[in-house]
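1. using only what follows, build the 3D model:
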Amino acid sequence: MNTLRALLGPETFDPIYRKYIRTWAYKHPKPWDFFNFFATESGRSLDWFWRTWYYETWSLDQAVGAVETGNGGATTITIVDRGWAPMPARVTVTRQNGEKLQLEVPVETWLSGATQADISVPPGSPVVRVEIDPEGGFPDIDRRNNVWEAKSGS
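-> Residues are numbered from 1 along each chain as shown. All right, here's what the predicted structure looks like:
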């Protein structure tokens with residue numbers, strides 16, 4: 001439930017969950033009733049989510065694979081999917097001047113079979129930190145590879 005809430009966001013999840021409880025009060029819903037209710041109310045296909053977290057034993061392991069700054073000053077961040085569980089990769093990029101960028105690799109990237117994806121950060125203040133899922137909303141099995149920090153002096 002926490003993962004679904006993190007995926008949809010509390011502003012979407014909370015009202016749907018309250019409506020589900022009201023709708024199914026004193027009844028005997030099956031898992032697919034819950035799945036269908038959330039898909040209908042959110043207006044999103046969540047089949048990949050239900051399969052991953054309810055029918056399989058897959059694990060989520062996203063990692064920062066590389067961070068490279070090119071000649072023009074743009075930075076390319078490579079996100080690697082090391083597990084079988086597809087989830088969007090929500091990435092917070094911190095620049096040297098303190099600016100924070102919120103970027104995302106959509107789940108469709110992983111559903112298409114990709115195992116890595118590049119995110120481009122436009123030129124500007126140097127990137128000093130990259131972190132996947134800083135809020136800890138997704139159950140990544142190895143958070144040690146979710147953070148990249150620039151070496152001092154670089």
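
2. contacts, neighbours, all on C-alpha from now
-> Noted.

3. tell me how far Arg51 lies from Thr57.
-> As judged by Cα to Cα, to the nearest Å, Arg51 and Thr57 stand 9 Å apart.

4. so which of these two has more stuff around it?
-> With neighbours defined as other Cα atoms under 10 Å, Arg51 and Thr57 compare such that Arg51 has more, 13 against 10.

5. and that one, what are its phi and psi?
-> Phi and psi for Arg51, reported as degrees, to the nearest 10, are phi -60, psi -50.

6. try Pro10
-> Main-chain torsions, Pro10, degrees, to the nearest 10: phi -60, psi -30.

7. what's the pLDDT at it?
-> According to the prediction, Pro10 has pLDDT 98.

8. where do the helices sit along the chain?
-> With DSSP state H as the criterion, the chain has helices at 2-8, 10-24, 31-42, 47-50, 107-111.

9. Serialize those helices to CSV and add fields for mean neighbour count and distance to Asn145.
-> As requested, the helices of the chain are exported to CSV (neighbours: other Cα atoms under 10 Å; distance: least, Cα to Cα, whole Å):
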stretch, mean neighbour count, distance to Asn145
helix 2-8, 15, 20
helix 10-24, 14, 27
helix 31-42, 14, 32
helix 47-50, 14, 23
helix 107-111, 16, 18
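
10. with distance to Pro134 added, can I get those helices in JSON lines?
-> Below are the helices of the chain laid out as JSON lines (distance: least, Cα to Cα, whole Å):
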{"stretch": "helix 2-8", "distance to Pro134": "12"}
{"stretch": "helix 10-24", "distance to Pro134": "16"}
{"stretch": "helix 31-42", "distance to Pro134": "24"}
{"stretch": "helix 47-50", "distance to Pro134": "20"}
{"stretch": "helix 107-111", "distance to Pro134": "17"}
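
11. which pLDDT does the model give Asn71?
-> For Asn71, the predicted pLDDT is 85.

12. and the end-to-end length of stretch 136-145?
-> 13 Å.

13. ok now that stretch, how far from the chain's centre?
-> 10 Å (Cα atoms, centre = their mean, to the nearest Å).

14. buried ones in it, by neighbour count?
-> By neighbour count on 16 or more other Cα atoms under 10 Å, the buried set for stretch 136-145 is 138, 140, 143, 145.

15. what does stretch 87-96 give?
-> In stretch 87-96, counting by 16+ other Cα under 10 Å, buried: 87-95.

16. ok, the residue of the chain most remote from its centre to Asp14 distance?
-> Computed with Cα atoms, centre = their mean, the residue of the chain farthest from its C-alpha average is Tyr26, at 34.5 Å. According to Cα to Cα, Tyr26 and Asp14 sit 20 Å apart.
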